[in-house]
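K.L.:
For reference, the sequence and a predicted model appear below.
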Amino acid sequence: MKARSVLLVALAGAVLGGALGLWLNGSGPLLRTELGQRALQGALSAGAPAAPEGLAIARRGETIPTLRLPDLAGTDTTLPGDLAGRPVLVNFWASWCGPCIEEMPELNRFAVEQGDNGTRVVGIALDDADAVRDFLGRVPVDYRILIDQAGPRDSSVQLGNPRGVLPYSVLLSADGTLLKQKVGPFQHDEIDDWAR
């Protein structure tokens, strides 16, 4: 009986501590952990509309389906093929997405620091090409930007984002295997640890 009481008090303390932590700090610290991101991915996938018939969806630990997307000049890039040989951080964004815009300086910092030998950064704008051109004219970045149209068959859905939440990022290995997924913006210096 005494052990049961101790267990109940410990459990109540853990629940209260977790609730207090979320109340004081928000969900941010939890969502910056791999466990928190996996839980969020599971919650977003639960009850999400079924993927359109015949659409290949990437799963962690598997090679992603081939994606062929244009840049702003109309030149196609094939993922993972054209970018094989180095890890790739793919970030889905849109010019109208506030959190996407807030994280872009951090993505750019990371891309510049990685240089020609580290992890490549590729932004995929789920947006109108003219809106993206206009936005990048005001807020330029040093990493590759590709264009896709948001919808039930877009490239973010194919890389495990069934609800089309933005920003959304994935980390691919040098051979195109899906290693990690992240829903929400990167905070300052978060990318460095996440991309390891």
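P.N.:
Yep, it's here. The structure displayed is predicted, hence computed values, not measured ones. Residues are numbered from 1 along each chain as shown.

K.L.:
Strands of this structure, residue ranges please.
P.N.:
Counting by DSSP state E, the chain has strands at residues 67-70, 76-79, 88-93, 120-126, 144-148, 168-172, 178-183.

K.L.:
What distance do you get for Ile145 to Pro52?
P.N.:
25 Å (Cβ to Cβ, to the nearest Å). For every residue, glycine as well, the C-beta is placed using N, CA and C.

K.L.:
Name the residue in the two with the higher neighbour count.
P.N.:
Ile145 (21 against 11; other Cβ atoms under 10 Å).

K.L.:
what's the neighbour count on the closest residue in space to that one that isn't next to it in sequence?
P.N.:
Leaving aside its sequence neighbours, Ile145 sits nearest to Gly123 (Cβ to Cβ, 6 or more residues apart in numbering; 4.7 Å). Using other Cβ under 10 Å, Gly123 is surrounded by 24 other residues.

K.L.:
I'd say Gly123 and Val88 touch.
P.N.:
No - with contacts counted by Cβ atoms under 8 Å, Gly123 stays clear of Val88, the gap being 11.2 Å.

K.L.:
circling back: of the strands of the chain, flag the one that's most buried.
P.N.:
strand 88-93 (a mean of 26; mean count of other Cβ atoms under 10 Å).

K.L.:
what's the span of stretch 75-91 from first residue to last?
P.N.:
19 Å (Cα to Cα, to the nearest Å).

K.L.:
Need the residue closest to the centroid of the protein.
P.N.:
For the chain, the residue sitting closest to the mean C-alpha position, by Cα atoms, centre = their mean, is Ser169 at 1.6 Å.

K.L.:
For that one, which residues are in contact?
P.N.:
Ser169 is in contact with 89-92, 181-182, 186, counting by Cβ atoms under 8 Å, 6 or more residues apart in numbering.

K.L.:
how about 10 Å then?
P.N.:
89-93, 103, 107, 121, 123-124, 156, 159, 161, 180-186, 191, 194-195 (Cβ atoms under 10 Å, 6 or more residues apart in numbering).

K.L.:
before we move on, the earlier item: where do the contact lists of Gly123 and Val88 overlap?
P.N.:
Contacts common to Gly123 and Val88, judged by Cβ under 10 Å, 6+ apart, are Arg144.

K.L.:
who does Leu178 bridge with?
P.N.:
Leu172 (DSSP bridges).

K.L.:
Please report how far it lies from Leu171.
P.N.:
Leu178 is 8 Å from Leu171, by Cβ to Cβ.

K.L.:
what do the two both touch?
P.N.:
What both Leu178 and Leu171 touch, as defined by Cβ under 10 Å, 6+ apart, is the set Val90.

K.L.:
how about the helices in this structure?
P.N.:
For the chain, applying DSSP state H gives helices covering 2-25, 28-31, 34-45, 98-114, 129-138, 155-158, 190-194.

K.L.:
Which residues does the fifth one contact?
P.N.:
Okay, so that is helix 129-138. With contact meaning Cβ under 10 Å, 6+ apart, helix 129-138 is reached by 70-72, 74, 93-96, 100-101, 104, 123, 125-128, 141, 145-147, 149.
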